[in-house]
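Visitor: Below is the structure, and that's it, no one-letter string:
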């Protein structure tokens, strides 16, 4: 299984005419994000930047989710509890999606 580009990732305005925002590591752009529409309304630019920020946070979010999942499982709570099972299932689905297994 391939792994993602190591973090940290940051979002910044893109220098390209084709993209509005770039997601970058220390040495390379790894993704580009467009605003919702190709006009300069503040809302469209704000949504594009918000999307870029979520993408840039992905490595840290994945690491935090894996840690929290490990801690929850280690607490040995009642697995029959609906909320507990639901949280673990959602964590597993999100981790699988992030790792390209869904």
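Guide: Received the coordinates, thanks. This structure is a prediction, so every number in the text was calculated from the model and none was measured.

Visitor: And the helix or strand that residue 50 is a member of, what does it pack against?
Guide: Element membership of residue 50 [criterion: DSSP states H and E] is helix 42-56. If you count contacts as 3 or more Cβ pairs under 8 Å, 6 or more residues apart in numbering; DSSP states H and E, helix 42-56 packs onto strand 10-13, strand 21-24, strand 29-33. (C-beta placed from N, C-alpha, C; glycine too.)

Visitor: List the buried residues in the last one.
Guide: Of the residues in strand 29-33, those buried under the neighbour-count criterion (16 or more other Cβ atoms under 10 Å) are 31, 32, 33.

Visitor: give me phi/psi at residue 16?
Guide: The phi/psi pair for residue 16 (degrees, to the nearest 10) reads phi -90, psi 150.

Visitor: Run through the bridge partners of the closest residue in space to it that isn't next to it in sequence.
Guide: In space, residue 16 comes closest to residue 32 once its chain neighbours are excluded; the distance is 6.9 Å by Cβ to Cβ, 6 or more residues apart in numbering. Residues in a beta bridge with residue 32, per DSSP bridges, are residue 22.
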